[in-house]
Structures are given as structure tokens and as C-alpha cells.
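S.K.: Need the 3D shape of this:
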Amino acid sequence: MDKKKTVLILCTENTARSQMAEGLLRNMAGDRFEVLSAGTQPADAVHPLALKAMQEIGIDISGQYPKDIATYLGKTFIHYLFIVCSKANATCPRIWPGMAIQENRIYWPMEDPAATEGGEEERLEAFRRVRDELQTNLADWIEKA
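M.R.: This is a model prediction of the structure:
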């Protein structure tokens, strides 16, 4: 049996976009992939509104936590690298060590929902928009992978 391909989802703080994408891909693809996420400058915890937005669609990411890109860089063979923010795209290696095909480095710039100002409902709506956009992108990618 073939070993599962590893997907790393990268963002700056690894608190919202990459965490939601990690939970979504695990849920949508089952055990087809080993799914990881990390940040170039990880924060201390997953954003509470990311947890809430995911809970709304029945996905629990409360066991996930921010990790530093150094956790995986040069230590884990990555088959697919998804970068979901422009800041991480600017600082992430252009060629991931061990990644055989450069086309497997996929850049999906998403708005940072954590940067949204306003009341909780307005901020939660930003997390929902990003969650739904990630879900659409991942569904399209899974179909082709």
C-alpha cells in the first residue's frame, strides 16, 4: 500500500486560515492525506472565531494548535504545500526541500479574518467567508489530486 501524501498548509501565525484549511481537508479527504499546518511566525493559540466558524459546520479543530514552520522544514517530506496568506508566501522557501514538483506549491491568498474590525458577528462573518472559500478551493483540488 502506498504511503499517504503529506499536505502542509502554511500561514503567518497559524491561528485561523491554515488551521481551518487543515480541519477542512482532514474532514473532506478522510485519511487520503497526512494534513499538517504551520506558521512562519506562529501565535500561541488557534483563534476562537476560527474554532466557532468550524464548529458551525460540524468540524472540531479544538485539538489543533499553532506550529512553527521549523517543525517540518528539512524534517518532513512535503508532497503539497498550500500557502494561504501573502505574508507567508513572501517569506516561505520557493522550493521546499524534498518536494519533487514545483507545481505542488499552491498559493491561495486569503483575507486575514483575524484582522477584521467590528463586533463579534461582523468578525465571525469574515471567518465564515474564508472558511467557505477554503472549502471550495479544497474541494476543487481534491477532485484533481
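
S.K.: Now do Y80: how many residues are near it, please.
M.R.: Neighbours of Y80 under the rule other Cβ atoms under 10 Å: 21. In short, each C-beta sits where N, CA and C put it, glycine included.

S.K.: contacting residues around it?
M.R.: Applying Cβ atoms under 8 Å, 6 or more residues apart in numbering to Y80 gives the contacts 5-8, 33, 104, 106, 145.

S.K.: Would you mind listing which of these are buried?
M.R.: By neighbour count, with 16 or more other Cβ atoms under 10 Å, these hold 6-8, 33, 104 as buried.

S.K.: The residues you listed in helices, which ones?
M.R.: Applying DSSP state H to the buried ones among the contacts of Y80, no entry is found in helices.

S.K.: Looking at the residues you listed, which one is closest to T40?
M.R.: L8 (12.0 Å; Cβ to Cβ).

S.K.: Quick check: beta-bridge partners of the closest one?
M.R.: L36, L81 (DSSP bridges).

S.K.: per-residue confidence for it?
M.R.: Looking at L8, its pLDDT reads 94.

S.K.: and what of the one 4 residues further on?
M.R.: With respect to pLDDT, T12 has a value of 92.

S.K.: ok, the spatially most central residue of the chain to L134 distance?
M.R.: Centre of the chain computed as the mean C-alpha position; nearest residue by Cα atoms, centre = their mean is S18, 2.4 Å away. Applying Cβ to Cβ, to the nearest Å, the value for S18 to L134 is 9 Å.

S.K.: and the contacts of Y80 as TSV, adding distance to H47?
M.R.: Output for the contacts of Y80, formatted as TSV (distance: Cβ to Cβ, whole Å):
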residue	distance to H47
K5	28
T6	24
V7	21
L8	19
F33	24
N104	27
I106	23
A145	27
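
S.K.: Poorly predicted segments of the protein, please.
M.R.: Residue ranges of the chain with pLDDT under 70: 1-2, 89, 91-102.
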